[in-house]
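Here's a sequence, model it:
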Amino acid sequence: MQKLSKEEKADIIDELEQVRDTGEVNMMDRRGVQSVANELGLFNLVCFIEDHSRTEHFNMLKSM
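The predicted model follows:
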């Protein structure tokens, strides 16, 4: 697990916002977010969720 660059973090936040905008899933449900992201083709977010902890996911949500 590596530290994200500012650009990567911005991309993940953008993809999280796209998932949120669907209204299909509680954003605290990591596996649900990952599933919706996969359906939308948001593979940076899919990989982020797979490779990072719940705490990092929560911190990313707080950054939105």
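
Downstream of the helix or strand harbouring Leu16, the next helix or strand is which one?
Using DSSP states H and E, the element containing Leu16 is helix 6-22. Using DSSP H and E, the helix or strand that follows helix 6-22 in sequence is helix 30-40.

from the middle of its chain, how far away would the helix holding Leu16 be?
Distance, stretch centre to chain centre, for helix 6-22: 6 Å (CA atoms, centre = their mean, to the nearest Å).

now for that helix, which elements pack on it?
In terms of contacts (3 or more CB pairs under 8 Å, 6 or more residues apart in numbering; DSSP states H and E), helix 6-22 is packed against helix 30-40, helix 43-51, helix 54-62. For glycine as for every other residue, the C-beta is placed from the backbone atoms N, C-alpha and C.

ok, now which ones touch the residue lying closest to Arg31 once chain neighbours are set aside?
Counting by CB to CB, 6 or more residues apart in numbering, Arg31 lies nearest to Ile49, which is 7.8 Å off, once chain neighbours are set aside. Counting by CB atoms under 8 Å, 6 or more residues apart in numbering, Ile49 makes contact with Arg30, Arg31, Val33, Gln34, Ala37, His57.

quick one: pLDDT of the third one?
At Val33, the model reports a pLDDT of 98.

Can you list the neighbours in contact with stretch 10-23?
The contact list for stretch 10-23, computed with CB under 8 Å, 6+ apart, reads 4, 25, 27, 33, 36-37, 40, 42, 44-45, 48, 60-61, 63-64.

Can you give me the distance of Glu24 to Val36?
5 Å (CB to CB, to the nearest Å).

And for Leu45?
Relative to Val36, and taking CB to CB, Leu45 is found at 9 Å.

residues contacting the residue nearest to Ala37 when sequence neighbours are not counted?
Once flanking residues are discounted, Ala37 sits nearest to Leu45: 4.2 Å by CB to CB, 6+ apart. By CB under 8 Å, 6+ apart, the contact list for Leu45 reads Ile12, Glu15, Leu16, Val19, Val33, Gln34, Ala37.
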